[in-house]
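Q: following is a predicted model, sequence given first.
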Amino acid sequence: MSWDTFKALTFDFPEVSLSLDLSRLGLPEGYVDSQRDAFAKAFAAMDELEGGSIANPDEGRMVGHYWLRNADLAPNDELKNTINSSVAQIKAFAEKVHSGEVKGANGAFTDVLVIGIGGSALGPQFIAHALGVPSEDKAQVHFFDNTDPDGMDLALNAIGDRLGSTLSLVISKSGGTAETRNGMLEAQKAYADMGLDFAKHAVAITGVDSKLDKVAASEGWLERFEMWDWVGGRTSVLCAVGLVAAALQGIDIQALLDGAAAMDKVTRSKEIEKNPAALLALSWFFATNGKGEKDMVILPYKDRLLLFSRYLQQLIMESLGKEFDLEGNVVNQGIAVYGNKGSTDQHAYVQQLREGVPNFFATLIEVLKDRHGPSIDVEPGVTAGDYLQGFLLGTREALSEKDRQSITITVAEINEGSVANLIALYERAVGYYATLTGINAYHQPGVEAGKKAAGSAIDLGKAIVETLEANKGESFDAPALAEKLGKPESTELVYKIALHMAANAKAGISKIDGAAWHEAKFLVLA
Ligand SMILES: O=P(O)(O)OC[C@H]1O[C@](O)(CO)[C@@H](O)[C@@H]1O
């Protein structure tokens, strides 16, 4: 890449110590100009959103995550005060925990267990991993981010005998998410098994009057933090959802908020070239032909950013992956996002990126500062960090040689400010991209289908238990059991559920194996 081309297509934002290099994307001359009208609309839509319009029309909601880091922008004083008092409440609570004024049965809190899923876990996980220093952190943070019993055992095992000094944060905007409810019940049981009162170690972060809020209020949990309907789950990391755990861990949450506010300021520019979020959205539009034709591979060359691609997966795919546009046309929009970290991925999937299906564009993230403190030489005059950068530069070059597109984001170092910069940068890029493609980025109707189907499977499971118990000693293969249940059309489901029940000896259900797994017969012994 010539120095002139690099200079022409690399955009520096010293206000947020970030640079965006689009020189390896293959943008044709005049492309930015061709998008100015489209961006004028995107900027106008963003202004309206920030001004408090109903930017999520299906759910009739405002979209206010930008107000969280600058409450003066909130459309009225009531919201402004709510935001400010929530931040004050978080800081005051963290202080009480750190001073030992609020403590567990076994003394000052040493650990935090976050129970949540999706936007109620991914942000807190990303922040905890990106900014934590285990030996210095004021609390070690653990997660129940699924309804996997073994996963919960693993987290409890890491906590070990410190449960009596572990603060559980149950996080759910809706307050009714099944996975989180299950995690809460499992945690309650773990505390009870150690003779501990869960309520005296629990905090709720949820919408006012949600099921979770009511449980927390009636049981007298330590504290309740409010979540608002105008903050979406996937953009909630900079309200109580992400800030409580971060503050307890000892992370400077004001620096996080300031970092996001600084990026918000830059990304409000109405000049594409001066706005990194607009440039990013423009790049996505160009690379994917505005239709998600290519996947977004996120390759941060920094271990602390490992969870960024997981965080972005929800932010981008739940926001942009939509069947309909705002006018009701079927558009099946979205951009697939995946990634891990460099240079580790060089020894995994970079082979395919360079030589296989050209169905992606890469975003390499470079962090200039290697570590706090000096590094040893691994070869005369060369450090491990020099190698990390060498691999980034090498992969970038190797991709270009084969006409694989890439964007490079360079940040000065990893700290509260830069992590929040990145979060705010992508939030706004998603917002702009949504206007370019005419979709609602702030709802998630597709998630409901899976939730409903899971509910039916649970109901069918209850019917299977009842039927086998009522016919003790009699064995049924899947078709016979489905017939007995009056649901021959659900034979496959009956088979899958019964197989799982037998594997866990649920309600005394066992199986007699046949020649193949699907020929097994299920029964409750008489
Ligand atoms: O915070 P809640 O309400 O428990 O929801 C968790 C997640 O579930 C979803 O609604 C669907 O996956 C996400 O948007 C959300 O972040």
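A: Structure received.
Q: if I look at the residue nearest to residue 25 when sequence neighbours are not counted, how far off is residue 148?
A: Take residue 25 and drop its neighbours on the chain: the residue closest to it by CB to CB, 6 or more residues apart in numbering is residue 405, 5.0 Å away. Where C-beta positions appear, they are placed from N, C-alpha and C, glycine not excepted. As for residue 405, its distance to residue 148 is 37 Å (criterion: CB to CB, to the nearest Å).
Q: between these two, who's got more neighbours?
A: residue 405 (20 against 13; other CB atoms under 10 Å).
Q: wait, does the helix or strand of the chain with the lowest mean pLDDT contact the ligand?
A: Here the helix or strand of the chain ranked lowest by mean pLDDT, DSSP states H and E is helix 447-470, holding a mean of 91. Yes: Helix 447-470 is in contact with the ligand by CB under 6 Å from any ligand atom, via residue 447.
Q: what's that helix packed up against?
A: Helix 447-470 sits against helix 478-484, helix 491-503, strand 509-512, strand 521-524, with contacts defined as 3 or more CB pairs under 8 Å, 6 or more residues apart in numbering; DSSP states H and E.
Q: would you mind pulling up the elements that the second one packs against?
A: Using 3+ CB pairs under 8 Å, 6+ apart as the contact criterion, the neighbours of helix 491-503 among helices and strands are helix 447-470, helix 478-484, strand 509-512, strand 521-524.
Q: determine which stretch of those is the most buried.
A: Greatest average neighbour count among those goes to strand 521-524 (a mean of 20), per mean count of other CB atoms under 10 Å.
Q: re the thing from before, which stretch among the helices and strands packed on helix 447-470 comes nearest residue 427?
A: helix 491-503 (38.6 Å; CB to CB).
Q: list the buried ones in that closest one?
A: 491, 493, 494, 495, 496, 497, 498, 499, 501, 502 (16 or more other CB atoms under 10 Å).
Q: likewise for stretch 51-61?
A: Buried residues in stretch 51-61 (16+ other CB under 10 Å): 52, 55, 56, 59, 61.
Q: next, residue 237: phi, psi?
A: The phi and psi torsions at residue 237 (degrees, to the nearest 10) take the values phi -60, psi -30.
Q: how many neighbours does it have?
A: 30.
Q: and what of residue 506?
A: Residue 506 has 17 neighbours, counted by other CB under 10 Å.
Q: do you know how far it is from the ligand?
A: Using CB to the nearest ligand atom, to the nearest Å, residue 506 is found at 26 Å from the ligand.
Q: which residue comes closest to that residue once chain neighbours are left out?
A: Nearest non-adjacent residue to residue 506 (CB to CB, 6+ apart): residue 465, at 7.1 Å.
Q: got it, and residue 8?
A: Distances taken as CB to CB, 6+ apart put residue 23 closest to residue 8, at 7.4 Å, once the chain neighbours are dropped.
Q: check contacts around the one you found.
A: If you count contacts by CB atoms under 8 Å, 6 or more residues apart in numbering, residue 23 has them with 1, 5, 6, 8, 9, 10.
Q: what's the distance between the closest residue to residue 433 other than its chain neighbours and residue 45?
A: Spatial nearest neighbour of residue 433, chain neighbours left out: residue 281 (4.2 Å); criterion: CB to CB, 6+ apart. Distance of residue 281 to residue 45, computed by CB to CB: 12 Å.
Q: and this protein, which residues reach the ligand?
A: 117-120, 172-174, 177, 180, 233-234, 318, 444, 447.
Q: returning to what we had before: just the element for the residue nearest to residue 8, please.
A: For residue 23, there is no host helix or strand (DSSP states H and E).
Q: which parts of the stretch 1-150 of the chain are strands?
A: For the stretch 1-150 of the chain, applying DSSP state E, counting those that start in this stretch gives strands covering 10-13, 18-21, 111-115, 140-144.
Q: return the list of strands paired to the third one, each annotated with direction.
A: When you say that, I think you mean strand 111-115. Strand 111-115 sits in its sheet next to strand 140-144 (parallel), strand 166-172 (parallel), going by DSSP bridges.
Q: what does that strand rub up against?
A: Contacts for strand 111-115 (CB under 8 Å, 6+ apart): 121, 124-125, 139-145, 155, 159, 162, 165-171, 180, 183-184, 187, 245, 248-249.
Q: quick one: mean pLDDT for it?
A: Here strand 111-115 scores 98 as its mean pLDDT.
Q: got it, and stretch 271-288?
A: 98.
Q: correct me if wrong: the residue nearest to residue 25 contacts residue 362.
A: Yes: the criterion here is CB atoms under 8 Å, and residue 405 meets it with residue 362 at 7.2 Å.
Q: can you list residues touching both of these two?
A: residue 399.
Q: quick check: closest non-adjacent residue to the residue in the stretch 151-300 of the chain positioned nearest to the ligand.
A: The stretch 151-300 of the chain approaches the ligand most closely through residue 233 (2.6 Å), counting by CB to the nearest ligand atom. Sequence neighbours aside, residue 119 is the residue nearest to residue 233 in space, at 2.8 Å (criterion: CB to CB, 6+ apart).
Q: give me the number of neighbouring residues for the one you found.
A: Residues near residue 119, counting by other CB under 10 Å: 25.
Q: who's in contact with it?
A: 173, 232, 233, 234, 235, 236, 237, 241, 314.
Q: so the last one belongs to a strand, correct?
A: No: assessed with DSSP: H, G, I helix; E, B strand; the rest coil, residue 314 is helix; it does not lie in a strand.
Q: that one contacts residue 122, doesn't it?
A: Yes: assessed by CB under 8 Å, residue 314 is found in contact with residue 122 at 5.4 Å.
Q: more neighbours: these two, which one.
A: Neighbours were counted for residue 314 and for residue 122 using other CB under 10 Å; residue 122 has more, 26 against 19.
Q: and the more buried one, what does it touch?
A: Here residue 122 is in contact with 145, 234, 237, 307, 310, 311, 314 (CB under 8 Å, 6+ apart).
Q: name the nearest residue to residue 41, sequence neighbours excluded.
A: residue 435 (5.9 Å).
Q: picking up where we left off before, just put the helices and strands packed on helix 491-503 in JSON lines and tack on distance to residue 336.
A: Formatted as JSON lines, the helices and strands packed on helix 491-503 follow (distance: least, CB to CB, whole Å):
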{"stretch": "helix 447-470", "distance to residue 336": "17"}
{"stretch": "helix 478-484", "distance to residue 336": "35"}
{"stretch": "strand 509-512", "distance to residue 336": "39"}
{"stretch": "strand 521-524", "distance to residue 336": "39"}
